[in-house]
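Student: Okay, predicted coordinates and the sequence, questions at the end:
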Amino acid sequence: MSQLEHKTFEQKINRRDLIKLFGASVVAASGIFGASEKAFAKNAPNVVVLGGGVGGSSFAKYLRFANPDVKITLIEKHPEYITCFRSNDVIVGMHTLDELTFNHQVLQSKYKVNVLIDEVTGADFSKKTVKTAKGETLAYDKLVVSPGIDFKFADTEGFDAEVAAGKFPHAYKAGAKTLELRKQLINLPKGGTAIIAPPENPYRCPPGPYERASLFADYLKVHNPTAKLLVLDPKDRFTKDGPFKKAWERLYGFKTDNAMIEWVSGSEGGKVNRLDTKNMTVETDSGNHKADLINLIPNQRAGKLAQNLGLTNNSGWCPVDRNSMESLLHKEVYVLGDSTIADAMPKSGYSANSQAKVCAQAVSDTLQGNQLGKAVYANVCFSLAGENYGVSISAIYEVRDGLIQPKGGSAGVSPITDKAGLPILEATYQKNWQRNFVKDVFS
Amino acid sequence: MNHRIIYGFLAVSAMNSAMAENINPIAKGQAMAWQCAPCHGTNGQEFEESMPPIAAMPAEQFTKAMLDFRQGDRPATIMDRVAKGFTDEEIKAMASWFELQPKKQWVDTSLEEAQLSLDATRGQK
Ligand SMILES: Cc1cc2nc3c(=O)[nH]c(=O)nc-3n(C[C@H](O)[C@H](O)[C@H](O)COP(=O)(O)OP(=O)(O)OC[C@H]3O[C@@H](n4cnc5c(N)ncnc54)[C@H](O)[C@@H]3O)c2cc1C
């Protein structure tokens, strides 16, 4: 809304502003902006997509590629989507949240997807319908669910959703809390201590907490050089830890007396058991740590919607058929992205997009009565270890022995070399990737 | 209107021919090629960024690039790893698919254009 407040009456209000004011469904329903006028055949199959994040939006677009004639409806509770990718950069002021904000307008106009801004409240798998908060009941032939993640606050004593909504933002969904964490970093007292506590596996964006730690250090090095950053980890290893630690040595004096970052592993007692909000202290297996900023990233499970619909098993995540992403618990229902059990594939935006494409082809083939092809997936995660220092992890995947596993010799991380040009190039590609990626998802 | 009908018709005939033998190299190439889009743009059609476009690349040039990456004969930040995920045959299938993509930004390409450039070739075989 804040943008609108700066506008004058003379100024044109664009669609973005309208959506902010009224919500996308109202704007779309008005017809002013030429929302879908394509007439679908009466008996065209109905595919309903729940969640318009990375998985859901990519799916809707690529199902249209695979099948020009199917009806596609996407239900998303927020009129705008703020990407988590690059939100760590926002915390340190490399750019703004506005640059990470997207909507579903092109899905409607170019791909003829019927977008409803509404919250899904339930489904009846026997009647093949879903229900929404605004009281709609929609029938589907195929249902696709990509609801992201939910947090297990109860794993840490003293932590809950309310505490996280206040002074202890996890900032693991991008938005207002990303900015709250930024404020806390800027206000860190000179020579103060910040704590980042990554979660247990599995969780969304495995390199996310370490990229955040790197960028905190990058920021503090310039603005608060006597401050310290403590990473309290329940794990002994983390993704890309080789390249990350090398970068920390090169950039932040890691493992020296003047280290800006200290990393405490699980076996060294890094696991945080309790948060004492009053005394700004965390209790770990190895003792108490007092700090001026505490960023606890909670353990995770499949998005609430997936839990409510009964798509999770006792691991807290959704088991799926590896070649199609169809739920193993409910026929004709498919699950994508962070919520799924995808074996070697990490929970990333790239993975969600990759799975969406495999699923779009599978749904289309099934509707046409075609045999399913063999699934090929991909994931690449670029992270910043410093503003101009990129590191990456990547793999192409196939299904072997019923599991999603790296294909050929494709799995690997950035090599550690003496060539300074390599991490600089990878930092360029990290930024490039985000711009290309959102286009592949939303336009 | 016209466009839409043609688009629908060609898509259906393409589906049927793909169905006939299941391993149509173009259809197979497409599923793999989609996986490259986060970096190279939808259908390889990102011409304005630092990662190179691969839409409309001659199949021979594409194949040589991929084989060189895979063998470590061409310097790379990421493609050496990506290329190791694909067999010769898979690289060939992607090469024929990318060659057919229009040489322009994806945002300026209509769905009909994209479909037609593919179907023109599919229909002939
Ligand atoms: C700090 C950080 C950095 C990251 N960096 C990267 C990166 O560099 N590269 C990368 O690939 N990934 C990155 N990720 C991970 C990436 O953001 C996620 O993996 C990705 O968003 C998963 O997609 P998804 O579709 O599963 O969920 P989401 O994108 O979260 O989408 C879920 C959608 O469902 C909607 N929804 C949920 N419930 C309902 C309901 N009941 N009704 C209607 N709508 C509903 C939500 O509003 C949301 O829009 C990062 C994550 C974080 C936290």
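Tutor: Arrived safely, thanks for sending. Numbering: from 1, shown residues only, chains lettered A, B, ... in the order given.
Student: Tell me how far the residue of the stretch 201-350 of chain A found nearest the ligand lies from A:N323.
Tutor: Using Cβ to the nearest ligand atom, the closest approach of the stretch 201-350 of chain A to the ligand is made by A:G337 at 2.2 Å. All C-beta spots, glycine's among them, are computed from the backbone N, C-alpha and C. Plainly put, A:G337 is 17 Å away from A:N323 if you go by Cβ to Cβ, to the nearest Å.
Student: Neighbour count: the two, which is higher?
Tutor: Comparing A:G337 with A:N323 by neighbour count (other Cβ atoms under 10 Å in any protein chain shown), the higher total belongs to A:G337, at 33 against 17.
Student: Identify the residues contacting the more buried one.
Tutor: A:51, A:53-56, A:146, A:148, A:347, A:351-352, A:355-356 (Cβ atoms under 8 Å, 6 or more residues apart in numbering or on different chains).
Student: near the ligand, from the residues you listed?
Tutor: Restricting those to those adjacent to the ligand (criterion: Cβ under 6 Å from any ligand atom) gives A:51, A:53-56, A:146, A:148, A:347, A:352.
Student: Max pairwise distance over those: which two?
Tutor: The most widely separated members of the ones next to the ligand among the contacts of A:G337 are A:G56 and A:K347, with 15.1 Å between them, by Cβ to Cβ.
Student: Compare neighbour counts for those two and give me the winner.
Tutor: Neighbour count, other Cβ under 10 Å: between A:G56 and A:K347, A:G56 has more, with 29 against 23.
Student: Would you mind listing what in the stretch 201-350 of chain A touches the ligand?
Tutor: Counting by Cβ under 6 Å from any ligand atom, the stretch 201-350 of chain A sits next to the ligand at A:204-205, A:208, A:303, A:305, A:337-339, A:347-350.
Student: Next one, pLDDT for the residue nearest to A:K190 when sequence neighbours are not counted please.
Tutor: Distances taken as Cβ to Cβ, 6 or more residues apart in numbering or on different chains put A:N224 closest to A:K190, at 6.0 Å, once the chain neighbours are dropped. pLDDT recorded at A:N224 is 98.
Student: so A:N224 makes contact with A:G191?
Tutor: Yes - at 7.4 Å, A:N224 and A:G191 qualify as touching, with contact defined as Cβ atoms under 8 Å.
Student: hang on, the earlier thing: kindly indicate which of the residues of the stretch 201-350 of chain A next to the ligand lies nearest chain B.
Tutor: Closest to chain B out of these is A:Y350 (5.6 Å), distances taken as Cβ to the nearest Cβ.
Student: Let me see the ranges of the strands in the stretch 101-250 of chain A.
Tutor: With DSSP state E, counting those that start in this stretch as the criterion, the stretch 101-250 of chain A has strands at A:101-102, A:113-117, A:120-124, A:129-132, A:137-139, A:142-145, A:149-152, A:193-197, A:228-232.
Student: Now the stretch 51-200 of chain A against the ligand: closest residue?
Tutor: Closest point on the stretch 51-200 of chain A to the ligand, by Cβ to the nearest ligand atom, is A:G53, at 1.8 Å.
Student: Now the residue in chain B that the ligand sits nearest to: phi and psi?
Tutor: Of all residues in chain B, B:P38 sits closest to the ligand, at 7.9 Å by Cβ to the nearest ligand atom. Dihedral pair for B:P38: phi -60, psi -30, per degrees, to the nearest 10.
Student: for it, what are its contacts?
Tutor: A:350, A:353, A:380, A:433, A:436-437, A:440.
Student: between those residues, which has the most around it?
Tutor: Going by other Cβ under 10 Å, A:N353 tops these with 28 neighbours.
Student: Show me what the helix or strand hosting it is packed up against.
Tutor: A:N353 is located in helix A:349-368, with elements delineated by DSSP states H and E. Packing contacts for helix A:349-368, counted by 3 or more Cβ pairs under 8 Å, 6 or more residues apart in numbering or on different chains; DSSP states H and E, involve helix A:54-66, strand A:142-145, strand A:333-335, strand A:376-386, helix A:421-442, helix B:25-33, helix B:37-40.
Student: Quick check: which of the ones you listed is buried the most?
Tutor: strand A:333-335 (a mean of 29; mean count of other Cβ atoms under 10 Å in any protein chain shown).
Student: Figure out how far it is from the centre of its chain.
Tutor: 18 Å (Cα atoms, centre = their mean, to the nearest Å).
Student: just checking, what packs against that strand?
Tutor: The helices and strands touching strand A:333-335, judged by 3+ Cβ pairs under 8 Å, 6+ apart, are strand A:142-145, helix A:349-368.
Student: The closest residue to chain A within chain B: which element?
Tutor: Per Cβ to the nearest Cβ, B:G85 is where chain B lies closest to chain A, at 2.7 Å. Using DSSP H and E, B:G85 is not contained in any helix or strand.
Student: Now it: closest residue in space, sequence neighbours ignored.
Tutor: Using Cβ to Cβ, 6+ apart, the closest residue to B:G85 is A:I396 (2.7 Å).
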